[in-house]
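K.L.:
pasting a predicted model and its sequence here:
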Amino acid sequence: MEGDVDNGTVMAGQIAGMVKKEQTCKEMIEEMMAQAETLFGQKVESECNAMSKIAFIFPGQGAQTTGMGQDFYQETETGREMFEKASEILGFSMTDLCFDPAQTDRLNITEYTQPAMVTASLAMMRVFMERTGIRPDVAAGLSLGRVSCNGGCRRYV
């Protein structure tokens, strides 16, 4: 899988795979604000141009893909530790599950998808925070992503 550990393009690419149209984060937020105004029937104030908060957003089940987190595993000690610890706890090889194309069908079975998504998300988050020193002001997760959000960011937010 192509990706840039330092700039988080692997995670961004996985998250972007869930979005069906091309737009910037600012455009997406402005669109959601407009939808909220329609829903609530009143103006919703936004500070899109003056944002200074950092949010970590974690993808949910369905965003899994063979190779997710592989560059973090191969290129960082923290990534390796996260995948190895998950394998130890779960009793099966998380690296085989996440990286081996022959395991794609298994990766799409819920009982395997969920620990794989959490492991990859937490590995990426920890590496990013270690390398940049950046901590989130807020965190959110889509469905299963809430597990990564709560488990990974609770002590950092």
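P.N.:
Noted; the coordinates are in hand. Numbering: from 1, shown residues only.

K.L.:
what's in contact with stretch 91-110?
P.N.:
If you take C-beta atoms under 8 Å, 6 or more residues apart in numbering as the criterion, stretch 91-110 is touched by 61, 64, 66-70, 73, 83-84, 86-87, 112-113, 115-116, 119-120. Quick note: C-beta positions are derived from backbone N, CA and C, even for glycine.

K.L.:
now those: which count as buried?
P.N.:
Applying a neighbour-count criterion of 16 or more other C-beta atoms under 10 Å, the buried members of these are 61, 64, 66-70, 73, 83, 86-87, 112-113, 115-116, 119-120.

K.L.:
so which of those residues are in helices?
P.N.:
Where the buried ones among the contacts of stretch 91-110 overlap with helices, as defined by DSSP state H, the overlap consists of Gln70, Tyr73, Phe83, Ala86, Ser87, Tyr112, Thr113, Pro115, Ala116, Thr119, Ala120.

K.L.:
for the last one, give me its contacts.
P.N.:
The reference is to Ala120. Shown here is Ala120, whose contacts under the criterion C-beta under 8 Å, 6+ apart are Met68, Gly69, Phe72, Cys98.

K.L.:
dump the residue contacts of the second one.
P.N.:
Under the criterion of C-beta under 8 Å, 6+ apart, the neighbours of Gly69 are Val10, Gly79, Phe83, Cys98, Thr119, Ala120, Ala123, Met124.

K.L.:
and the pLDDT at the nearest residue to it once chain neighbours are set aside?
P.N.:
Leaving aside its chain neighbours, Gly69 sits nearest to Ala120 (3.5 Å; criterion: C-beta to C-beta, 6 or more residues apart in numbering). Ala120 is assigned 93 on the pLDDT scale.
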